[in-house]
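[1] What follows is a predicted protein model with its sequence.
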Protein chains: 2
Amino acid sequence: MSTIKDIAKRTGLSTATVSRVLNQKGKYTQATADKIHQAVQDLDYKINTSARELVTQESNVVMVMVNHSATNFSTQIMQGILSVAQQNGLTIMVIYAGDDAASQQAALDTVSERPVRALLIISVPFTEVTLMQLHDTHIPYLFVSMAYPGTEIPFISSDDYQIGYQATEYLIEAGHTKIGLAGIDPTSYVGEQRQAGYLAALAEHELAMPDELIHTGDYSYATGQQAMTAYHQQADTPTAIVGGSDLVTVGLLNQAQVLGLTVPDDLTLISIDGTELTWMMHPNLTSVTQDFRAMGEKAMQELLDTDFHPNALTSTFIDFKIDARESTEKA
Amino acid sequence: MSTIKDIAKRTGLSTATVSRVLNQKGKYTQATADKIHQAVQDLDYKINTSARELVTQESNVVMVMVNHSATNFSTQIMQGILSVAQQNGLTIMVIYAGDDAASQQAALDTVSERPVRALLIISVPFTEVTLMQLHDTHIPYLFVSMAYPGTEIPFISSDDYQIGYQATEYLIEAGHTKIGLAGIDPTSYVGEQRQAGYLAALAEHELAMPDELIHTGDYSYATGQQAMTAYHQQADTPTAIVGGSDLVTVGLLNQAQVLGLTVPDDLTLISIDGTELTWMMHPNLTSVTQDFRAMGEKAMQELLDTDFHPNALTSTFIDFKIDARESTEKA
DNA sequence: TTGAAAGCGCTAACAA
DNA sequence: TTGTTAGCGCTTTCAA
């Protein structure tokens, strides 16, 4: 591996000048620049990032912390992040963490061992303790696809309250009065918000909200199936259900069919997420569609726009839309 | 940020001793170790990775190059990679590349700028030129989920020839004689292999193989739909089709239903991949199921087992299995 | 516009 | 068992 010294030697210049030209800093003539670039070609010179990071104490690395149980939508978020990062010469490092403090701390330690530019956190539910530790690293960070309401912690996410609210509102406007909510985890931020939105919509229309209209879960397919079975067995069966995720809604749909129910004739379904699943199913699933890629892009762009100044970071809700499909069509 | 010097000062020891203890190299007493660990705690010392990498010229970073158009299965491969990496104290960096030489070269340049331990390449079709450049970096590399048959290039992947062969064989054994193959890209390694396996199975049973039994594509849902429409319009319609991916097969299935065909009564379908899609559809799709997570795990494990020695790297086919589901059930 | 030289934090001979 | 010291490749004053 050739170094800056080799370039200096070959061109008869000093390492300082080589460094200046390579970083386009300070003054130099076009002639020297040309000579240096030529030598770089000839020697196939590659910068030693470790050395540069050591002296400058900074890097072009953005770390992304992803939840262990990454789902298909985090892929989309990652794609958004990576495309903007790549366009701006930033390198992405990925590190996994779970819901527990220990794994989050371990991840934070790894992050602290390098001069990372910023940290993007996708769906990792930091606890109060790890949140403090995160703060203490002094690394600019941004939560993606989740948020800490009532705090100053910056995030890029959908407005999950509005998602819950509008999904429910959509069903109410279609004439439903007994509306279920299935598969969300009410202890997670996202679930809590969606549920709050759902309840607000019901309250606004003075609709009854018996406990049994809500069957919580973990956003999984199995959760959807179980919820459907439970709804079917209970006295007061809803005529429409908000599925907490696409997987949940597919679980609801399939289990409904097992139970002999037809969608949308016997049961109306609206899903939250709007991944490709929604239009591959029969019937197609109406969904509150989130723009996950935009979330990733916006997150990176926000870092870039604020030049990685932590205090300048602004929280943003990414727009979602409702895609009407067959699962809510009037019979 | 405290450094090794601060630790030395605080403990009254030298930086060399601190380094030894921290890296568990050389000799030292338990007492000094304790003192040092205490100081590390007190000062919240974090190693400066850049400095270490600069002097050792090596790191614990494994780079993963992923195709731009990452699909859901690369998520599973990544999960496998990350879990093994994390268990062994390795950090993963991700970089995207496409099918073109330019993007691959750019990615390789980025890789060359750090002392990475190894490079894992998921579904990025290197050209002859970029393959040479890859070789010239002298970084240990391993292709995942693809291969270069007839070369020494190491890979971890399914045996796509066998996948094509056995999927077809499965349909032949079920009594089919007119079997289609849809949605694969025959110019890709994976597609070429699957097609070769498919053709071999047909040939072995002396079945006719008119061109119109094969409708190529790009493994996408749309490709499946288009293929189905084409099959339906032609004189010699197959009674069974091998879908080149889960998405293709779902496209085939949905389009078949649009065309008034019932699966499996009018048409038998077998899918390649076996992601969750296969059991969420109605009817469930029989599939040749690949173990993508195992692929990722094995790839990392192989690097570990060979201690990152490029020449010791061995290629492995990961087992796949056939999951019989409704789409191939006898009527 | 260019060069000399110091130093980033760490590791690894070599010496004690 | 521990310390001294040189140096990894780069950037950045300061001086020329």
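    Yes, it's here.
[2] ranges for the helices of chain A?
    For chain A, applying DSSP state H gives helices covering A:4-11, A:15-23, A:30-43, A:49-56, A:72-87, A:101-112, A:128-136, A:160-173, A:189-204, A:221-233, A:246-258, A:277-280, A:292-305.
[3] Quick check: buried residues in the third one?
    Meaning helix A:30-43. With burial defined by 16 or more other Cβ atoms under 10 Å in any protein chain shown, the residues of helix A:30-43 counted as buried are A:32, A:35, A:36, A:39, A:40. Bear in mind the C-beta positions are built from the backbone N, C-alpha and C, glycine included.
[4] quick one on the thing from earlier: most tightly surrounded among the helices of chain A?
    helix A:246-258 (a mean of 25; mean count of other Cβ atoms under 10 Å in any protein chain shown).
[5] Is there contact, residue-wise, from that one to chain B?
    Yes. Contact between helix A:246-258 and chain B, assessed by Cβ under 8 Å from any Cβ of the partner chain, occurs at A:250, A:254, A:257.
[6] Can you add pLDDT and give the residues you listed back as JSON lines?
    As requested, these are exported to JSON lines (pLDDT from 0 to 100):
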{"residue": "A:250", "pLDDT": "98"}
{"residue": "A:254", "pLDDT": "97"}
{"residue": "A:257", "pLDDT": "95"}
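[7] Between those residues, which sits nearest residue A:243?
    Using Cβ to Cβ, residue A:250 comes nearest to residue A:243 of these, at 7.9 Å.
[8] Contacts only, for the closest one.
    Going by Cβ atoms under 8 Å, 6 or more residues apart in numbering or on different chains, residue A:250 touches A:221, A:224, A:243, A:271, A:277, A:281, A:285, B:280.
[9] Centre of the chain to stretch A:14-29, how far?
    40 Å (Cα atoms, centre = their mean, to the nearest Å).
[10] mind putting the buried residues of helix A:30-43 in a markdown table, pLDDT and distance to residue B:202 included?
    Formatted as a markdown table, the buried residues of helix A:30-43 follow (pLDDT from 0 to 100; distance: Cβ to Cβ, whole Å):
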| residue | pLDDT | distance to residue B:202 |
| --- | --- | --- |
| A:32 | 96 | 66 |
| A:35 | 96 | 63 |
| A:36 | 97 | 61 |
| A:39 | 96 | 59 |
| A:40 | 97 | 55 |
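[11] contacts with DNA strand C among these, please.
    On the criterion Cβ under 7 Å from any atom of the strand, residue A:32 are the entries of the buried residues of helix A:30-43 that sit beside DNA strand C.
[12] and which of the buried residues of helix A:30-43 is nearest DNA strand D?
    Distance to DNA strand D, by Cβ to the nearest atom of the strand, is smallest for residue A:40 among those, at 10.2 Å.
[13] where in the stretch 201-331 of chain A is pLDDT low?
    Where the stretch 201-331 of chain A drops to pLDDT under 70, the residues are A:330-331.
[14] how deep is the residue of it found nearest DNA strand C tucked in, by neighbour count?
    Nearest to DNA strand C, among the residues of the stretch 201-331 of chain A, is residue A:308, at 19.7 Å (Cβ to the nearest atom of the strand). A count of nearby residues for residue A:308, using other Cβ atoms under 10 Å in any protein chain shown, gives 17.
[15] Quick check, residue A:298 in contact with residue A:157.
    No. In this structure, residue A:298 is not within contact of residue A:157 by Cβ atoms under 8 Å, at 9.7 Å.
[16] shared neighbours of the two, which are they?
    Common neighbours of residue A:298 and residue A:157 (Cβ under 8 Å, 6+ apart) are A:316, A:318.
[17] What is the burial count for the residue lying closest to residue A:326 once chain neighbours are set aside?
    Once flanking residues are discounted, residue A:326 sits nearest to residue A:283: 3.5 Å by Cβ to Cβ, 6 or more residues apart in numbering or on different chains. Here the number of neighbours of residue A:283 (other Cβ under 10 Å) works out to 16.
[18] All good on my end, thank you.
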